[in-house]
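A.B. asks: here is my input; please provide its structure:
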Amino acid sequence: MNLFVGNLNPVTTAAGLRQLFSEFGEVISSKIIMDNATGQPRGFGFVEMADKFHSFDAIDNIDATFFEGNVISVKEAKQNNVKGGGGGRKPSFNKPGGFKPGGFNKPAYSPRPRPNPRPNPDVNRSNNDDDDRFNRL
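C.D. replies: Residues are numbered from 1 along each chain as shown. The predicted model follows:
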């Protein structure tokens, strides 16, 4: 059974985790997750134990205890079923496939239609005094 171990001290090693969990049963593997950008530990790791009953015993006894200066968290690891790179596109209000109207996906405001910036060539725009708009009483 795979266990998640969180809130680890940056000096914690995989060998230290293996030794801690081996008190409760056979440990198949242990690893600390490292940050690719910095090369530093991310503060969590995984321990795989051979027997699930020993795993539950380890969870009950190690969770919320001090280990190398930190109170660690031990839980059953969840399977990550996500495949792919995760590079999706942002949803848009104006494109098909964006947010659907109504509910929580409704935009906070409705944009006003903008006037056409190009003048209509069919309209005669002269500043003559004959224009009725300016000669009204």
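A.B. asks: hey, let's count contacts and neighbours off CA atoms from now on
C.D. replies: OK.
A.B. asks: would you mind finding the longest helix in this structure?
C.D. replies: Using DSSP state H, we find that the single longest helix of the chain is helix 52-62.
A.B. asks: pull out the buried positions in the very next helix or strand once past that helix.
C.D. replies: Counting by DSSP states H and E, the element after helix 52-62 in chain order, helix or strand, is strand 65-67. Of all the residues in strand 65-67, those buried under the rule 16 or more other CA atoms under 10 Å are residue 67.
A.B. asks: and what of stretch 5-12?
C.D. replies: So stretch 5-12, judged by 16+ other CA under 10 Å, has buried residues 5-9, 12.
A.B. asks: is it possible to export these to a markdown table including distance to residue 41?
C.D. replies: Below are the buried residues of stretch 5-12 laid out as a markdown table (distance: CA to CA, whole Å):
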| residue | distance to residue 41 |
| --- | --- |
| 5 | 13 |
| 6 | 11 |
| 7 | 11 |
| 8 | 9 |
| 9 | 9 |
| 12 | 9 |
